[in-house]
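# prediction below, plus the sequence it came from.
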Amino acid sequence: MSKVKKPFYRGEVYKSQNEDGRTLSFVVNIYQDKNDKEKIWIVSNDILAPTEANNHPQSVNYHPKLFRRLKEVLIKEGRWVE
């Protein structure tokens, strides 16, 4: 039996039917900071406040694996600036 994928719409929260509401799925936007090229912002209207993931080892927002994966997405989309 194949699963039917649900379309995602901006601003809507989707609760998993299989996990009693413990899993939320939502659309996020990511973008590179204009001044600090080693900082990526993750935002989602009405769900997630702008959240920073950066590549600075001494920072509280240092998330190297997340940063690397988000950077790969931005590069693939042609939105990464060196």
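Here it is on my side, so go on. Residues are numbered from 1 along each chain as shown.

# now the strands for this protein?
14-15, 24-25, 29-32, 39-44, 48-54 (DSSP state E).

# in the third one, what's buried?
Within strand 29-32, the residues scored as buried using 16 or more other CB atoms under 10 Å are 30, 32. Heads up, the C-betas are built off the backbone N, CA and C, glycines and all.

# partner strands of that strand, with direction?
Strand 29-32 has the following strand partners under DSSP bridges: strand 39-44 (antiparallel).

# give me the contact list for the partner strand.
The contact list for strand 39-44 (CB atoms under 8 Å, 6 or more residues apart in numbering) reads 26-33, 48-56, 61, 67, 70-71, 74.

# at 10 Å what do you get?
Residues outside strand 39-44 that contact it (CB atoms under 10 Å, 6 or more residues apart in numbering): 10-11, 13, 26-34, 48-56, 59, 61, 63, 66-67, 69-71, 73-74, 80.

# same thing with stretch 73-82?
30-32, 34, 37, 40, 70-72.

# of all these, which two lie farthest apart?
Largest separation among the contacts of stretch 73-82 by CB to CB: Lys34 and Glu72, giving 19.8 Å.

# related to what we said a few turns ago, between the contacts of stretch 73-82, which is closest to Lys5?
Relative to Lys5, the closest of the contacts of stretch 73-82 is Ile30; by CB to CB it sits at 21.3 Å.

# quick one, what contacts the closest one?
So Ile30 contacts 40-44, 51, 53, 69-71, 73-74, 77, 79 (CB under 10 Å, 6+ apart).

# now Phe8
14, 25-27.

# from Tyr14, how far off is Lys39?
Lys39 sits 28 Å away from Tyr14, going by CB to CB, to the nearest Å.
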